[in-house]
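Enquirer: Provided below for reference: sequence and predicted model.
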Amino acid sequence: MKIIIADDEEYVRFELKELLLEIRIDLEITEAVNGSELIDKFKQGNFGAAFVDIKMPGFSGLEAIEKIVSRNLLTEWIILTGYSDFGYAKKAITLGVTEYLLKPVSRNELEDVLQKIDKNLARKSGKLNIDDSSDPNEKTIHLVRSAERIVCERFSEQIGVAQIADELGITPNYLSSLYRKFTNTTFTKHITDIRMVKALELLKRTGMSVKDATELLGYTSSRHFARLFREYYDISPSEYIGKCRK
């Protein structure tokens, strides 16, 4: 498997590379020193997995991933950071990142991550080999990314699978089935993921109430929003507001 490590600190790249090769000697590992170089490396070829530091000169890790991922559904993304900021982790979810690891990474963590990468790549590879007379790779990537883009742009509306599928000219069932095949999660959950990420940003704002956030996130019921928020973060929106504004 081809892997790329993107981190501006040489010793981090060295230690991670050594650990990975201790676990799997068959890995082919490439390095990048910043986000721009990571983007350039992907222009030269794809990688099964990419370990990417969030904080790098020029393009950040998340910015680089965002530029690459729209044209690449196969790579498994693993975020590396020394920052335990929850906001970074939730932003990574919207980009389809597989894991979010705090440095220094342990051998046990890497073993678990490699197992997950292998499983996900096998699943994706199998789905891309599905017999479809209309070029499954390009068509599917376009539909999946178009649907995700609509969610990011219009999460504040009362929008769901049916409306988005209609805009893309496909049936809701087809969109749901396609999304699950290529992401191993439901499209409805993806919409909720995006809204919950935005919820954290909104509730930090001075003067923002739970009711205001509910409306801005496209929900009609504050109770429903509060239940989802607690499921995601194990804290109520009101408690989160109190915690952020102390």
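Expert: Nice, I can see it.

Enquirer: what's the weakest-modelled helix or strand in this protein?
Expert: helix 86-94 (a mean of 58; mean pLDDT, DSSP states H and E).

Enquirer: what's the first helix or strand after that helix?
Expert: strand 99-102 (DSSP states H and E).

Enquirer: how about that following strand: buried residues?
Expert: Residues 99-101 are the ones in strand 99-102 that count as buried (16 or more other CB atoms under 10 Å). The way it works is simple: take the backbone N, C-alpha and C, and place the C-beta from them, glycine included.

Enquirer: and the next element down the chain from the host helix or strand of residue 110?
Expert: Using DSSP H and E, residue 110 sits in helix 107-128. Sequence-wise, the next helix or strand downstream of helix 107-128 (DSSP H and E) is helix 136-154.

Enquirer: which residues are contacting whichever helix or strand comes after that next one?
Expert: With elements assigned by DSSP H and E, the helix or strand that comes after helix 136-154 is helix 161-168. For helix 161-168, contacts defined as CB atoms under 8 Å, 6 or more residues apart in numbering pick out 143, 146-147, 150-151, 171-172, 174-176, 187-188, 191.

Enquirer: how about stretch 23-43?
Expert: Applying CB under 8 Å, 6+ apart, the contact partners of stretch 23-43 are 1-8, 10, 13, 17, 20-21, 47, 50, 52, 56-61, 63-64, 67-68, 72, 75, 107, 110-111, 114.

Enquirer: so which of those are in helices?
Expert: Judged by DSSP state H, the subset of these located in helices is 10, 13, 17, 20-21, 61, 63-64, 67-68, 107, 110-111, 114.

Enquirer: nearest to residue 208, out of those: which one, please.
Expert: residue 63 (26.5 Å; CB to CB).

Enquirer: number of residues surrounding the residue lying closest to that closest one once chain neighbours are set aside?
Expert: Sequence neighbours aside, residue 35 is the residue nearest to residue 63 in space, at 6.0 Å (criterion: CB to CB, 6 or more residues apart in numbering). Counted with other CB atoms under 10 Å, the burial measure for residue 35 works out to 26 neighbours.

Enquirer: likewise for residue 231?
Expert: Residues near residue 231, counting by other CB under 10 Å: 10.

Enquirer: what of residue 177?
Expert: Residues within reach of residue 177, counting by other CB under 10 Å, total 12.

Enquirer: pLDDT score for it?
Expert: At residue 177, the model reports a pLDDT of 85.

Enquirer: low-confidence ranges, this protein, go.
Expert: Applying pLDDT under 70 to the chain flags residues 70-73, 83-96, 123-138, 245-246.

Enquirer: can I see the domain layout of it?
Expert: 2-128, 132-246 (automatic domain parsing).

Enquirer: just to revisit the earlier point, so the helix holding residue 110 versus helix 136-154, what angle?
Expert: Our comparison of helix 107-128 with helix 136-154, counting by axes from the mean of the first three to the mean of the last three CA atoms, to 10 degrees, yields an angle of 110 degrees.
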